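Trainee: give me the fold of what follows.
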Amino acid sequence: SIEWAITYFAVIAIGGIATTANPLYTADEIQHQLKDAHATYIATPIELVSKVKQAAKKYTKLKKIIVFGGEALFDCISFNTLMGDKGDAFKLPTINAKEDIAALPYSSGTT
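Mentor: Numbering: from 1, shown residues only. From the prediction side, this is the model:
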C-alpha cells in the first residue's frame, strides 16, 4: 500500500529502523519479532489490528500502533492523523549512512 511505503521511508528519514513482518504471522510470532527488534512502534493494516493488539499485550515497550486504512480505534493512531501533523516539533537527527542501520527485514511476506 502507499501508506506502507510512506511509513517505511519516513521511519528511515527520522533515523528509525524499519522492519517487515509476514502478515500471516501469529500474534506470538509478531510478539517475538517486536521483542527481538526492540520495536517501539508498529504500523499495520486495519485487518490485522486485533492480531497486533494481542501481540502487544505481551510486549510492553510498544508505544503506539499505527493503523492503515481506518480511523483511530482502540488506543491506536490512524495513518491519516499522522499525515495531518506537520511535525514542526520534531528535529531531524543526523544520520550516518555508512554506520546507521536503516532496515532490519525479517520477512517480506513472500518467503
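
Trainee: would you map the strands across the chain?
Mentor: Secondary structure of the chain (DSSP state E): strands at 41-45, 64-68, 77-78.

Trainee: which residues does the residue nearest the centre of the chain contact?
Mentor: For the chain, Ile42 is the residue whose C-alpha lies nearest the centre (C-alpha atoms, centre = their mean; 2.7 Å). Neighbour list for Ile42: Leu34, Val52, Ala56, Leu62, Ile65, Ile66 [criterion: C-beta atoms under 8 Å, 6 or more residues apart in numbering]. No exception for glycine: its C-beta is placed from N, CA and C like everyone else's.

Trainee: let's see 10 Å
Mentor: 19, 21, 30, 33-34, 48, 52, 55-56, 59, 62-67, 76 (C-beta atoms under 10 Å, 6 or more residues apart in numbering).

Trainee: of these, grab the buried ones for ChimeraX.
Mentor: A single ChimeraX command selects the buried members of the contacts of Ile42 (16 or more other C-beta atoms under 10 Å):
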select :19,21,30,33,34,48,52,55,56,59,62,65,66,67,76
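
Trainee: pLDDT wise, what is the closest residue to Leu104 other than its chain neighbours at?
Mentor: Leaving aside its sequence neighbours, Leu104 sits nearest to Thr19 (C-beta to C-beta, 6 or more residues apart in numbering; 4.4 Å). Note on Thr19: pLDDT of 90.

Trainee: measure Thr19 to Ala89 for me?
Mentor: Remark: distance between Thr19 and Ala89 (C-beta to C-beta, to the nearest Å) = 25 Å.

Trainee: and for Lys98?
Mentor: Look at Lys98 and Ala89: by C-beta to C-beta, they are 29 Å apart.

Trainee: Ala97 too?
Mentor: 25 Å.

Trainee: all helices for this protein, in order.
Mentor: In the chain, the helices defined using DSSP state H lie at 2-13, 27-37, 49-57, 79-84.

Trainee: weakest of those by average pLDDT?
Mentor: Taking the mean pLDDT of the helices of the chain, helix 79-84 comes last: a mean of 85.

Trainee: that's all I had, so thanks and see you.
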